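> Everything below, folded, please.
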Amino acid sequence: MGHIAVLAATLFLGLQADPLAQGPGESFLKALREAKQNQQTPAGQNYDRVLSRYFEQQAGVPMQRCFASTKEPDARSFEMLFRLSKAGKVLDALVRPETNIAVCLRDKLKRQVFPAPPEERFWAYMDMRIGGEGFAAIDGLTRGCTRRRPCEIRRVGNTCCGRRG
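Below is the predicted model of the structure:
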């Protein structure tokens, strides 16, 4: 009986130490804090630039597919967090808010291999700015896109946004 109690306590403590075992809001905030801390280091800043180029080249097509395949796409902006292995494989992905477009893009990008981050279990952050009918004007760079006029991903500073393709 004592072994079962120790095992149960170990499992309970193990779950509490895992940020994804918390409530969805808490796990997102904890991952966001870690991603923002990563962006403050020289290696994290360098990786942020590498990830920006990757998103510009690789995320446009999945985003277009999400808008094309989603009935009544919710075009609100959202935040994305990816926990990556040292090899760039997605270990976990979180979005907030969980709009139909955010969830679609998250699920499509979870299957991709990202550029290798500086360390194992690295949280990376993307701020996806969307508005109006698809992508809205951001710093005068973009105009609205719709399902019929797909958009591509563009990076402006630490913000990912869309541009008519």
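
> how about low-confidence regions in the protein?
1-25, 131-165 (pLDDT under 70).

> And the strands in it, which stretches?
78-84, 90-96, 122-129, 151-156, 159-164 (DSSP state E).

> now for the third one, which elements pack on it?
Same thing as strand 122-129. Helices and strands touching strand 122-129, as assessed by 3 or more CB pairs under 8 Å, 6 or more residues apart in numbering; DSSP states H and E, comprise helix 24-40, helix 42-58, strand 78-84, strand 159-164. Yep, even glycine has a C-beta here, placed from its N, CA and C like the rest.

> please redo it, this time with the cut-off set to 7 Å
Here strand 122-129 touches helix 24-40, strand 78-84, strand 159-164, going by 3 or more CB pairs under 7 Å, 6 or more residues apart in numbering; DSSP states H and E.

> Each with direction, which strands does it pair with?
Using DSSP bridges, the strands paired with strand 122-129 are strand 78-84 (antiparallel), strand 159-164 (parallel).

> So for that strand, what gets flagged as buried?
122-126, 128-129 (16 or more other CB atoms under 10 Å).

> Likewise for stretch 62-79?
62-64, 66-67, 70, 73, 75, 77-79.

> now swap in stretch 82-96 and tell me
Neighbour counts over stretch 82-96 (16+ other CB under 10 Å) mark 82-85, 88, 90, 93-96 as buried.

> Same question for stretch 26-46.
Quick answer for stretch 26-46 (16+ other CB under 10 Å): 27-28, 31-32, 34-35, 38, 44.

> Ala93 and Leu81: what is the separation?
7 Å (CB to CB, to the nearest Å).

> And Ala116, by the same measure?
In terms of CB to CB, Ala116 sits 18 Å off from Leu81.

> I'd like the buried residues of strand 122-129 written out as CSV, with distance to Arg53 added.
CSV is the format used below for the buried residues of strand 122-129 (distance: CB to CB, whole Å):
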residue, distance to Arg53
Phe122, 17
Trp123, 19
Ala124, 13
Tyr125, 16
Met126, 13
Met128, 16
Arg129, 18
